[in-house]
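In: predicted model follows, preceded by the sequence.
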2 protein chains.
Amino acid sequence: MSYQFASRTNGLRSSAIRDLLKVTEMEDMLSLAGGLPTPDSFPLPDLRREADRLLSEYGPRVVQYSATDGVVELRTWIAEQYAAQLGRPIAVEGQIVVTHGSQQALDLLAKVLIDPGDVVVSESPAYLGAVQSMELFQPRFEVIPGDQDGMQVELLAERLAAGLRPKLVYVVPNFHNPSGATMSLPRRQQLAALADQYELLVVEDDPYGAIRFSGEPLPAVASFTDRVVHLSTFSKIVAPGFRVGWMIGPAEVMSWVARAKQAADLHTSTFAQLLLVNVVRQPGWLDAQKARIVPMYRERCTALADALDATLDERITFHRPDGGMFLWTEFADITDTKVLLQRAVEQGVAFVPGSAFTIDQRPDAKARLSYSTLAPAQLEEAVARLGRALALTGHR
Amino acid sequence: MSYQFASRTNGLRSSAIRDLLKVTEMEDMLSLAGGLPTPDSFPLPDLRREADRLLSEYGPRVVQYSATDGVVELRTWIAEQYAAQLGRPIAVEGQIVVTHGSQQALDLLAKVLIDPGDVVVSESPAYLGAVQSMELFQPRFEVIPGDQDGMQVELLAERLAAGLRPKLVYVVPNFHNPSGATMSLPRRQQLAALADQYELLVVEDDPYGAIRFSGEPLPAVASFTDRVVHLSTFSKIVAPGFRVGWMIGPAEVMSWVARAKQAADLHTSTFAQLLLVNVVRQPGWLDAQKARIVPMYRERCTALADALDATLDERITFHRPDGGMFLWTEFADITDTKVLLQRAVEQGVAFVPGSAFTIDQRPDAKARLSYSTLAPAQLEEAVARLGRALALTGHR
């Protein structure tokens, strides 16, 4: 069928992760490719009890249309959490918008802020979903390399001093996807200072912060400046399938976002918001949930990292993350991990090649290995298969 | 706080409905302004039973991430419904995308199709939410007047013959919001023929079709041509608070939409999709639900229309709709119903002025009166208050 037009999506990259998920549905495949939380972490009995209570005691409002910026019970809980965390008040009316997952927060911000050719600062490697959300609005990405302490903010400072004026600066400060890096305290402080100095807007995307299994929590960039839109979500700490996240930020920016949210989908599911807030606001629930699930991620991360050290030794290098779901690795003597992936899939193991997390998608020696959905014994077997795939690519 | 930039939303109109909802929260206000389904229609016991079953028997997948285009159970149900209704197969893989309410379907279509200056054909009056979704992408709206038989397709034919080449043609064929009009069969056929002749894409938005309380159902425009993206939703037939709608259409267009959906929010709530499809696919459920709720709307529509006839007589004119939630009215000797609204609110009744449903928002004598959330006695009282407001504006 022909049309009078082409689509604006023609330049939009397909998600390597999405294409890979088809492969990972193959029988007996051990997938290190996904970014799914471990299903063992989902509090199904608590959700069942609260769903039953909502649908029997609360009346029809739980399934009726509701406010664009979110149900007030959830916004109140969010404001309380952040007032404690950031050390300043966050307004229930005007500074919070509940979103359909934090992916939607990125889409709404891109929609209200980015005109074609605008500069967006991003780390490299970068979270693919953010790149996808934003590139539909045709920004020019200015890439700042990251290391094990997060985005190299000192390089950003140099480029700002040289005249760079970005529309926004996008960072994932805790247990970055894919790099696993946590931004250091001095870099957080420097980024906040740069935001104040140059009147920048920082987008601080923090889906993984609660999944810290090593070291002490660091203050958010938003605790050092109010020029931050801070994003988070219930996806990793409760469950992703409800698609409930949130954003907090300056009132003016949030008023733009609320209008775009209204045009995008009117509001996020009333039922899902009430269900989730009723679960998490029970006294002590969140601490108990963290105490239950954080050790799952710690154990799996350790199992994968130990197996890689034992089996692949100097054929692979990586830093052990302090939390989250991902090991970011580099293979010695490999020029394109997409080629390695083909061999790996034949051996029954999958991962995401590093090039999928770069703006230009040039082949590289890197790979993201996720440990979140496999048990320790499966992770060991996955590494054994990866070793066989490496041998077959003529490595060693 | 100052920024390096202004927002792209600065040109975006605020929703008159949204602003009015604040007024309608006032105590003792009788609101004819909202577009909410009647809460009596929500099948809370059925939802409660299926939610319990999902969270106890289905395992963690019900709250895990899921496919961008929707869970397969729901897509299968949608394909079966439309195969029967349209008389041709609809592919479960490739022709369906589940959306976060049908509002999101409009946003995704606008996002993938509309470049600044592109022509979009819309009826006047128009559904405000569609206008809001699209205007962020800066189309030029070509307005075709509607009458009680829907968009005047013969005028569209003239403009196409004169060289008009729209990116899409947007219609609400059944019980239009706000006009209440149902597009006649000849116009549906003519619109389909024009789509084939000029290689157009028609967006057929049908949220209200199941709420028919008078006359016989008419075939969808999509039954006469496959150049249609057809939208619908569970919002009116089950409940809106889950935000689950869907779109079906040509595979190529739907592949663009699926990519935009992935960038927008990954996917629609897994839990909500499974819950709703498990309710509606029970044998006989949908027919029983319609038999239960359609009379509610019929009774309310009749109550409002009868009260208007009895109380306001020739001071107001309207056509009685065959379904849906709205009476579209015109007041005699009133030049701006926004002025009347101020008096009405003082008397304790609210409605939406007609200008809110036009692209240029020029004052007019029209108003949308919704009968969906008030009981018959309340509708009679609302009309009495409206009569007092009319008297106070110096009318009669």
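Out: Sure, I can see it. Every value quoted in this text rests on a predicted model; they were computed, and no experiment measured them. Numbering: from 1, shown residues only, chains lettered A, B, ... in the order given.
In: what's the local residue count around A:Ile90?
Out: 21 (other C-beta atoms under 10 Å in any protein chain shown). Placement of C-beta: from N, CA and C, glycine included.
In: next, the contact list for it, please.
Out: Applying C-beta atoms under 8 Å, 6 or more residues apart in numbering or on different chains, one finds that A:Ile90 lies in contact with A:78-79, A:82-83, A:96, A:248.
In: which of those sits closest to chain B?
Out: A:Ile248 (14.6 Å; C-beta to the nearest C-beta).
In: coming back round to it: show me the contacts of A:Ile90 that map onto strands.
Out: A:96, A:248 (DSSP state E).
In: alpha carbons of stretch A:368-378, as PDB, please.
Out: Output of stretch A:368-378 as PDB, limited to C-alpha atoms (Å, rounded to 0.1, in the frame of the first residue of the first chain):
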ATOM      1  CA  ARG A 368      26.300  -5.700  28.700                       C
ATOM      2  CA  LEU A 369      25.700  -8.800  30.800                       C
ATOM      3  CA  SER A 370      22.500  -8.800  33.000                       C
ATOM      4  CA  TYR A 371      22.400 -11.100  36.000                       C
ATOM      5  CA  SER A 372      18.900 -10.200  37.200                       C
ATOM      6  CA  THR A 373      16.800 -13.000  35.900                       C
ATOM      7  CA  LEU A 374      19.100 -16.100  36.200                       C
ATOM      8  CA  ALA A 375      19.900 -18.100  39.300                       C
ATOM      9  CA  PRO A 376      23.500 -18.500  40.300                       C
ATOM     10  CA  ALA A 377      23.900 -21.900  38.800                       C
ATOM     11  CA  GLN A 378      22.400 -20.700  35.600                       C
END
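In: in it, what's buried?
Out: The neighbour-count check on stretch A:368-378 (16 or more other C-beta atoms under 10 Å in any protein chain shown) flags A:368-374, A:378 as buried.
In: pLDDT (mean, whole number) over it?
Out: In this model, stretch A:368-378 has a mean pLDDT of 96.
In: repeat for stretch A:144-164
Out: For stretch A:144-164, the mean pLDDT works out to 97.
In: what residues does that stretch touch?
Out: The contact list for stretch A:144-164 (C-beta under 8 Å, 6+ apart) reads A:119, A:121-125, A:142, A:169, A:171, A:173, A:176, A:179, A:181-184, A:187, A:190-191, A:194, A:197-198, A:319.
In: now which of those would you call buried?
Out: Counted by 16+ other C-beta under 10 Å, the contacts of stretch A:144-164 give A:119, A:121-123, A:125, A:169, A:171, A:173, A:176, A:179, A:181-184, A:187, A:190-191, A:194, A:198 as buried.
In: in strands only, show me those residues.
Out: Counting by DSSP E, the part of those found in strands is A:119, A:121-123, A:169, A:171.
In: of those, just say which sits nearest to A:Glu204.
Out: Among these, A:Val171 lies closest to A:Glu204 (C-beta to C-beta), at 5.9 Å.
In: the closest one bridge partners, please.
Out: Beta bridges link A:Val171 to A:Glu204 when assigned by DSSP bridges.
In: hang on, it packs against A:Met183?
Out: Yes. Applying C-beta atoms under 8 Å, one finds A:Val171 in contact with A:Met183, separated by 6.6 Å.
In: find residues that contact each of those two.
Out: The contact sets of A:Val171 and A:Met183 overlap at A:150-151, A:191, A:221 (C-beta under 8 Å, 6+ apart).
In: closest one of the residues you listed to B:Glu216?
Out: Among the shared contacts of A:Val171 and A:Met183, and counting by C-beta to C-beta, the member closest to B:Glu216 is A:Val221, at 61.0 Å.
In: quick one, what contacts the closest one?
Out: Under the criterion of C-beta under 8 Å, 6+ apart, the neighbours of A:Val221 are A:171, A:173, A:183, A:188, A:191-192, A:195, A:202, A:204, A:228, A:230.
In: out of these, name the ones that lie in helices.
Out: Counting by DSSP state H, the contacts of A:Val221 place A:188, A:191-192, A:195 in helices.
In: so where's chain A shaky on pLDDT?
Out: Applying pLDDT under 70 to chain A flags residues A:1-25, A:394-396.
In: got the domain ranges for it?
Out: A:8-43+A:292-392, A:44-285 (automatic domain parsing).
In: among the ones you listed, which comes closest to B:Glu135?
Out: Across the domains of chain A, closest to B:Glu135 is domain A:44-285 (C-beta to C-beta), at 8.2 Å.
In: wouldn't A:Ser102 be in contact with A:Ser232 here?
Out: Yes. Between A:Ser102 and A:Ser232 a contact is recorded at 6.4 Å, counting by C-beta under 8 Å.
In: which residues do the two both contact?
Out: A:207, A:245-246.
In: in its sheet, what does the longest strand along chain A sit against?
Out: In chain A, with assignment by DSSP E, the single longest strand is strand A:140-147. Strand pairing for strand A:140-147, using DSSP bridges, gives strand A:119-124 (parallel), strand A:150-151 (antiparallel).
In: for those, which one sits closest to B:Ile237?
Out: strand A:119-124 (41.4 Å).
In: so what touches the closest one?
Out: With C-beta under 8 Å, 6+ apart as the criterion, strand A:119-124 contacts A:114, A:130-131, A:134, A:139-146, A:150-151, A:156, A:164-172, A:176, A:179, A:357-359.
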